[in-house]
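**Student:** Would you be able to build a 3D model of this:
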Amino acid sequence: MGRHSLPDAEATEGGRSRPSARRRTTVIATALVIGVAAGAGAAVQSGLLSFAGSCRDSAVRIDLAASPDIAPALEEIAERAREEGVRSDGQCMDVHVVSRENHEVADLLATGSNSPDYEVWLPDSEVWAERVRSTGDGVPLTPAGNVARTPVTLAAVPSAGAQLGWPRRTYTWAELTAAATATDDVRLGSADPARSATGLLALTSVSRSAQRTDPDADTGVAATAKLLSQRMSDTDTEAASTLARADAGEAAGDPARNQAVFLTEQAAFAYNASAGEGVPDLRLFYPEDGSPMLDYPYELVDETDLSTDESRAATRFMALLDEPRSRTALARQGFRVPDKPVDARLVRAAGGRAPQPFAAEGAAADPLPADAIQQTLGMWTITVQSARLTTVVDVSGSMQTPVPGRGTRTRLDVTREALQKALDQFTPEDEIGLWEFATGLDGPNDYREVVPTDPLGPGGRPGTQRARLSEAFDGLAAVPNGATGLYDTTLAVYKKAQDTYVKDKFNALVVLTDGSNQDRFSITRSNLISELNQLSNPNTPVPIIAIAIGPEADLQEVDEIAGATGGVGYEVSDPAEITSVILKAIMAVGQKGGAAG
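**Tutor:** Okay, here's the model as predicted:
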């Protein structure tokens, strides 16, 4: 494989029909892997798998959608299985591998609207499978193990690597990113975290690393994300292609070229192997606080709709991927194989050198928490697209209720603090506004616009929108005898948001309430939803993100109202959760298409 093809390493053994069947659990699937693998081993020893003639007419066909980086190795293994007549329960396997972008498959499976045309999906990261599962309406996935691994790193051209002190200088994720973005001398790029697990895991690692030393680091991470968004590629392959192909001369002279990108070890290995003579190898930095891994999960797709033959053949192929020759094929492509020591030759070919902690005990980071990944993706969404959010806050008397475990601090107290914290997540180009609502607030109206929705402007400067909002958040006060005038308020703010829609921004309403509608003179819920359905326009989407605060709030009510606009409803027991929920909601709405415009 080009200049850095690894020699064969020693290893040790390690169109559907749709009958009705009950779902198999992961434990059963795992047991089947072990059982079939053991049976296959005995068959190999007895010569049963060595047979002459074609068995194509009776073969069990399995279609496998795979991440583009690992698809060639899988096709090599599948072709060998066909040539050698590898069998599952006495039938040959005919595994067809097709390369599919991970984010595209995840989006299709998450909708659950179409029956997939493959029985197995092998994305590059559990991130994608989790995204499908988290929607609740997606196509069911059954995990059956992991095929390969590769760490997420920062890859630099030689001149940038030298400037950053490679290989002797080691960094945390936060330190490395700060060093790479401190000046214009090193242009840092990334694959789009919304489309690339590499980009998403790297940015999440940067965020968590920064927060370990500075709990208020969110603003700095958002600024880093904004910088990355200006040098963003759709995929890892495209990100690698932006790297300067010559050393210092081109690196310094072409502003369209990057000198460093977030990249996996395997992608760097492939880059170095295909770059050709005269193009210097990349230099890889492995952060001290651990490199997250792409883990290549093997997922059975809608297993209850697989025939017994298909299910067993799919599981048999997973067992085949764990056999020595298959592991060697994966290693030749630059992948690490599970439960095996790191091959130092692979690391060197990819661009790693000691003392970079590529193989040290504990160098691989623990899996990143799903909520941290969601928050990063939400932050990325609003950073890249820029947001136009109107915040609508309930100031009825019930918002004076103390929050359990927080002494005398009320729901409104904690809500104000959460809104101040959320404000730090947004950039100067983002537009934020504030309304408040309660019966008796403003004569006949249950609502009042406090700060019109406008760009925030630079932080910390008097007279900016950010300063006005910060002051307005602090000034929110409950109306002692005010009730929750939710319906009239929602309709009025939604009409205003539609009238003032800004193209190419994420337009949305964030409605915070701790109770059901209590204004007996307002329109009915059915009338409100009917009005929202009529006002909603796919060309000017303004989804409502409705957050129900505390036990008296009606999640079903806010979810139904939000759903009429393409939005979502959430429930929080503690208003302090508002910041993370807003980011999570933005991600969810973006997946549903509500952020387009």
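**Student:** Poorly predicted segments of the chain, please.
**Tutor:** Residues of the chain that meet the criterion pLDDT under 70 lie in 1-57, 113, 216, 219, 246-253, 278, 360-365, 459-461, 587-588, 590-597.
**Student:** Number of residues surrounding G334?
**Tutor:** 29 (other Cβ atoms under 10 Å). Where you see a C-beta, it was placed from the backbone N, CA and C, and this is true even at glycine.
**Student:** again but with I382, I slipped
**Tutor:** 26.
**Student:** Could you do the one 3 residues further on as well?
**Tutor:** Around Q385 sit 21 other residues, with neighbours defined as other Cβ under 10 Å.
**Student:** how near is the closest residue to it other than its chain neighbours to R388?
**Tutor:** Closest residue to Q385 apart from its sequence neighbours, by Cβ to Cβ, 6 or more residues apart in numbering: F506 at 4.8 Å. Per Cβ to Cβ, to the nearest Å, F506 is found 7 Å from R388.
**Student:** likewise D185?
**Tutor:** Taking Cβ to Cβ, one finds D185 at 35 Å from R388.
**Student:** These two - which one has more neighbours?
**Tutor:** R388 (26 against 13).
**Student:** which residues sit in contact with that one?
**Tutor:** Contact analysis of R388 by Cβ atoms under 8 Å, 6 or more residues apart in numbering lists D430, E431, I432, T453, Y501, V502, K505, F506, N507, A508.
**Student:** Next, the fourth one: secondary structure please.
**Tutor:** For T453, the secondary structure call by DSSP: H, G, I helix; E, B strand; the rest coil comes out as strand.
**Student:** That one: neighbouring residues, count only.
**Tutor:** 23.
**Student:** Now do the buried residues in stretch 105-116.
**Tutor:** Going by neighbour count (16 or more other Cβ atoms under 10 Å), the buried part of stretch 105-116 is V105, A106, D107, L108, L109, A110, T111, G112, P116.
**Student:** Which of the contacts of R388 fall within strands?
**Tutor:** E431, I432, T453, F506, N507, A508 (DSSP state E).
**Student:** Run a quick neighbour tally on the second one.
**Tutor:** Residues contacting I432 under the criterion other Cβ under 10 Å number 23.
**Student:** So the residue nearest to it when sequence neighbours are not counted, which state does it fall into?
**Tutor:** With sequence-adjacent residues excluded and distances taken as Cβ to Cβ, 6+ apart, I432 is closest to L389, at 5.3 Å. L389 falls in the strand class when you classify it by three-state DSSP.
**Student:** which residues touch L389?
**Tutor:** Here L389 is in contact with D430, E431, I432, G433, T453, F506, N507, A508, L509, V510 (Cβ under 8 Å, 6+ apart).
**Student:** Just confirm the fifth one contacts D430, I think it does.
**Tutor:** No - T453 is not in contact with D430 according to Cβ atoms under 8 Å; the separation is 10.1 Å.
**Student:** From the contacts of R388, pick the one nearest A477.
**Tutor:** Taking Cβ to Cβ as the measure, A477 sits nearest to I432 out of those, at 19.8 Å.
**Student:** Against L441, how distant is the closest one?
**Tutor:** Going from I432 to L441 by Cβ to Cβ gives 21 Å.
**Student:** Likewise for Q374?
**Tutor:** 34 Å.
**Student:** Those two: who's more crowded?
**Tutor:** Q374 (23 against 17).
**Student:** now the residue lying closest to that one once chain neighbours are set aside, what's its secondary structure?
**Tutor:** Spatial nearest neighbour of Q374, chain neighbours left out: K584 (5.0 Å); criterion: Cβ to Cβ, 6+ apart. With three-state DSSP as the basis, K584 sits in helix.
**Student:** now do the one 5 residues further on
**Tutor:** At V589, secondary structure determined by three-state DSSP is helix.
**Student:** That one against A508, yeah?
**Tutor:** Yes - with contacts counted by Cβ under 8 Å, V589 reaches A508, the gap being 6.8 Å.
**Student:** okay, these two: which has more neighbours?
**Tutor:** The neighbour comparison of V589 against A508 (other Cβ under 10 Å) goes to A508, with 29 against 24.
**Student:** where's the more buried one relative to K226, distance?
**Tutor:** 19 Å.
**Student:** And for D218?
**Tutor:** 13 Å.
**Student:** Which one of those two is surrounded by more residues?
**Tutor:** Taking other Cβ under 10 Å, D218 and K226 do not tie; D218 has more neighbours (19 against 16).
**Student:** List the residues that contact E436.
**Tutor:** V392, V393, D394, V395, Y447, R448, V450, L476.
**Student:** repeat that for 10 Å
**Tutor:** 391-396, 442, 446-450, 472, 475-479, 482, 489, 512 (Cβ atoms under 10 Å, 6 or more residues apart in numbering).
**Student:** who touches both of F506 and R388?
**Tutor:** I382, D430, E431, V542, G597.
**Student:** mind giving me JSON lines with those residues and columns for distance to I70?
**Tutor:** Listed next are the shared contacts of F506 and R388 as JSON lines, based on distance: Cβ to Cβ, whole Å:
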{"residue": "I382", "distance to I70": "32"}
{"residue": "D430", "distance to I70": "38"}
{"residue": "E431", "distance to I70": "42"}
{"residue": "V542", "distance to I70": "40"}
{"residue": "G597", "distance to I70": "35"}
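**Student:** Give me the distance from stretch 67-77 to the chain's centre.
**Tutor:** The chain centroid and the centroid of stretch 67-77 are separated by 23 Å under Cα atoms, centre = their mean, to the nearest Å.
**Student:** Could you tell me which residues within that stretch count as buried?
**Tutor:** S67, D69, I70, A71, P72, A73, L74, E75, E76, I77.
**Student:** Nearest residue to the fourth one in space, please, no chain neighbours.
**Tutor:** Spelled out, it's A71. Nearest to A71 is S99, by Cβ to Cβ, 6+ apart, at 4.0 Å.
**Student:** now swap in the first one and tell me
**Tutor:** Taking Cβ to Cβ, 6+ apart as the measure, S67 lies nearest to D124, with 4.0 Å between them; neighbours along the chain are not counted.
**Student:** is it fair to say the one you found lies in a strand?
**Tutor:** No - under three-state DSSP, D124 falls outside any strand and is assigned coil.
**Student:** for it, what are its contacts?
**Tutor:** D124 makes contact with 66-70, 102, 148, 150, 196-198, 236, 264, 266-267, 294-297 under the criterion Cβ under 10 Å, 6+ apart.
**Student:** Go again with 6 Å.
**Tutor:** S67, N102, A197, L294, Y296 (Cβ atoms under 6 Å, 6 or more residues apart in numbering).
**Student:** Could you identify which of the residues you listed has the most neighbours?
**Tutor:** Going by other Cβ under 10 Å, L294 tops these with 30 neighbours.
**Student:** what bridges to that one?
**Tutor:** T150 (DSSP bridges).
**Student:** Check V510 too.
**Tutor:** T391, I545.
**Student:** do you know how far it is from G463?
**Tutor:** 24 Å.
**Student:** what about the helices in the stretch 451-597 of the chain?
**Tutor:** 465-475, 486-499, 525-535, 555-563, 578-592 (DSSP state H, counting those that start in this stretch).
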